[in-house]
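S.K.: Below are the sequence and a predicted model for it; my questions follow.
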Amino acid sequence: MLTLDYRLHTMHSIAAQQARALRQRNNLQREYLYRRRYVVFLTCIIAQISAIYYQLFLTPRVNIPYHTSALTGQAWVLELMTGHPDRIKNNLGVSLEVFEELLEVLQANGFVQSRNGVTVEEQLAIFLYMCVTGLSTRHVGERFQRSSDTISR
């Protein structure tokens, strides 16, 4: 009877050891899979960050012209000066006669040359247009097809 109990005890011990070994192996496999998924996840994140960095900082930028209207600021001023008399009054707040008088005063005081490719007529029109409309330099620049820097000078 003793040997039978001993054998049962031994078989139970062996089964318990095998069960522990199986649980341990399953835990190790689970931990291995968890780490592997973690590495794959980190690799995907690093790949995304690399792609975004490349797109933002390493891809050459294509400069797209901004001021592409067919009617330049100078052409618009000329259209106002030669068009219907009410148009210059509505857009610049002065009649054609007053506009021409202001040009004469500016030219008499030495403002005869254009600055940065902007004629005196256009400079005066920019000033009057900003006074009448109260628009920002960006919006006025869009109307006259000039950069905000040119408008603010």
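M.R.: Looks like it arrived, so ask away. Numbers count the residues shown, from 1 in each chain.

S.K.: ok, and what's touching the helix or strand encompassing Lys89?
M.R.: If you go by DSSP states H and E, Lys89 is part of helix 85-92. With contact meaning Cβ atoms under 8 Å, 6 or more residues apart in numbering, helix 85-92 is reached by 79-81, 94-96, 99, 125, 128-129, 132. No exception for glycine: its C-beta is placed from N, CA and C like everyone else's.

S.K.: Can you check my assumption that Leu135 lies in a strand?
M.R.: No - applying DSSP: H, G, I helix; E, B strand; the rest coil, one finds Leu135 to be coil, outside a strand.

S.K.: Number of residues surrounding it?
M.R.: Counted with other Cβ atoms under 10 Å, the neighbours of Leu135 add up to 14.

S.K.: same check, this time on Gly93
M.R.: By other Cβ under 10 Å, the residues close to Gly93 number 14.

S.K.: returning to that earlier point: name the residues of the helix holding Lys89 that are buried.
M.R.: Neighbour counts over helix 85-92 (16 or more other Cβ atoms under 10 Å) mark 88-89, 91-92 as buried.

S.K.: before we move on, what about stretch 136-146?
M.R.: 137, 140-146.

S.K.: Report the rounded mean pLDDT for it.
M.R.: The predicted model assigns stretch 136-146 a mean pLDDT of 89.

S.K.: Helix 85-92 and whichever strand or helix holds Ala75, what's the angle between them?
M.R.: According to DSSP H and E, Ala75 maps onto helix 73-82. Angle of helix 73-82 versus helix 85-92, following axes from the mean of the first three to the mean of the last three Cα atoms, to 10 degrees, is 140 degrees.
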